[in-house]
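*Asks:* return atomic coordinates for the entry below.
(one chain, ligands or ions: 1)
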Amino acid sequence: MITERSSANGRGAGTTYRIHIGADHSGLELSRTLQHELAALGFDVVDHGPAACDAQDDYPAFCISAAESVARDINDNRHSLGIVIGGSGNGEQIAANKVRGIRAALVWNESTARVARQHNDANVIALGAREHTPEECLKLAVLFLQEPFTQDSRHKRRIAQIADYETCLTPLACETSRRDALARMDRTGE
Ligand SMILES: O=C[C@H](O)[C@H](O)[C@H](O)COP(=O)(O)O
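*Replies:* This next block holds a predicted model:
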């Protein structure tokens, strides 16, 4: 079973990760494969659709549903991450990033899978089912899910600036936040 302890993410121990997965028609087969494999690895997998393949379906609702559930879980202090899947992963990432509190990263190789957690503390990844084999995608997903955030202050500072902008929606607020963060670091030596 993959737990917080075994995933070594430093945010506690003994809690099974919940993984919310959403896709569209082009990602559905991969979504089903990942759901099966990740459940076998011990993750608590929640499917956000689609339920069946419809070549005319649209990715936003499925991806936003998955991302909203990740955000809700995180607000409830539940350990939760998300995977959104489409042909390229691009639109899916864009849709997920519209949800407040979500940091969705497009993952396309092993390095971007790891760094999405290390530097960005990403809570959702987007995968392009038309860009990789299912085996590659499983590897990328597991790398992401098991990688810890470094907790480095420079990364926390940048993530906080994004969160501030998300809350205030003004570049000025973002700049103010940056200055405040730098001043705070000067004071505390962080
Ligand atoms: O960014 C969007 C995704 O890659 C979609 O999965 C893709 O656009 C779907 O393409 P189509 O409707 O041609 O199957």
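
*Asks:* ok, Glu68 - how many residues close by?
*Replies:* 20 (other C-beta atoms under 10 Å). For every residue, glycine as well, the C-beta is placed using N, CA and C.

*Asks:* in contact with the closest residue to it other than its chain neighbours, which residues?
*Replies:* Once flanking residues are discounted, Glu68 sits nearest to Val99: 5.4 Å by C-beta to C-beta, 6 or more residues apart in numbering. Neighbouring residues of Val99 by C-beta atoms under 8 Å, 6 or more residues apart in numbering: Ile64, Ala67, Glu68, Val70, Ala71.

*Asks:* hmm, who's touching the helix or strand containing the last one?
*Replies:* Secondary structure assignment for Ala71, by DSSP states H and E: helix 59-75. Among residues not part of helix 59-75, those counted as contacts by C-beta under 8 Å, 6+ apart are 18, 20-24, 27, 46, 48-50, 79-84, 86, 91-92, 95-102, 104, 123-124, 126.

*Asks:* ok, which residues in the protein are in contact with the ligand?
*Replies:* Asp24, Ser26, Tyr59, Gly86, Gly87, Ser88, Asn90, Gly91 (C-beta under 6 Å from any ligand atom).

*Asks:* are any of those residues buried, and if so which?
*Replies:* Asp24, Ser26, Tyr59, Gly86, Gly87, Ser88, Gly91 (16 or more other C-beta atoms under 10 Å).

*Asks:* so how far is Ala126 from the spatially closest residue to the first one that is not a sequence neighbour?
*Replies:* Looking back up the chat, that one is Asp24. Counting by C-beta to C-beta, 6+ apart, Asp24 lies nearest to Tyr59, which is 3.7 Å off, once chain neighbours are set aside. The gap separating Tyr59 from Ala126 is 10 Å, by C-beta to C-beta, to the nearest Å.
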